[in-house]
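make a model of this:
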Amino acid sequence: MEEKTVAIEFSELEMRVRKALLDLGISPRYAGFKLLAMAIQQQIIDDTTTEQVVKMYEDIAEKFNIEYTQVERNMRNAVEKAYNVYEVKKYWGTLFGIGIFRNGDSRPTNSTFISYVAEYIKLGKLGKGIC
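Reported below is the predicted structural model:
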């Protein structure tokens, strides 16, 4: 029996966002990966402000047919899992600067993470190397 391969087409922006998340140690195994990818794309396109984060969570939740609280929790889980790896934490500190962390040691909030990654992608500092 011959296996079929499925070709998935992504926009250049979506590929850059996914690459940036991988570079930052966010595993695609976590439900938060695709949710973060969508939120970062929205941030890049709409320049969503912090005040609009709940609305963004609600929009994403609707697209994935889940509760908006699950969106926040899944994103937080993905960011937290990556941040707890020493090498990743060190890289994030170097890339983003220690100022985004509340106590100099805790992970950034979801909205801070999303906005920083979006800005770094816009500046061409993350998500390069698309085939």
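
pLDDT score for residue 8?
As predicted, residue 8 sits at a pLDDT of 58.

equivalent analysis for the one 10 residues further on, please.
The confidence metric pLDDT takes the value 93 at residue 18.

what sits closest to it if chain neighbours are left out?
residue 37 (5.6 Å; Cβ to Cβ, 6 or more residues apart in numbering). The C-beta positions use only the backbone N, C-alpha and C, and glycine is treated the same way.

find the centremost residue of the protein, please.
The residue lying closest to the centre of the chain (Cα atoms, centre = their mean) is residue 36, at 3.5 Å.

and it, how far from residue 19?
Computed as Cβ to Cβ, to the nearest Å, the residue 36 to residue 19 distance reads 13 Å.

what helices or strands is the helix-or-strand element of the chain with minimal mean pLDDT leaning on?
The helix or strand of the chain with the poorest confidence is helix 86-96; it has a mean of 77 (mean pLDDT, DSSP states H and E). Counting contacts by 3 or more Cβ pairs under 8 Å, 6 or more residues apart in numbering; DSSP states H and E, helix 86-96 packs against helix 68-83, helix 110-122.

who's in contact with that helix?
24-25, 82-83, 101, 108, 116, 120, 125-126 (Cβ atoms under 8 Å, 6 or more residues apart in numbering).

same check on stretch 116-128?
By Cβ under 8 Å, 6+ apart, stretch 116-128 touches 15-21, 23-24, 36, 40, 43-44, 95-96, 100, 108.

recalculate using a threshold of 7 Å.
Applying Cβ atoms under 7 Å, 6 or more residues apart in numbering, the contact partners of stretch 116-128 are 16-17, 19-20, 23, 40, 43-44, 96, 100, 108.
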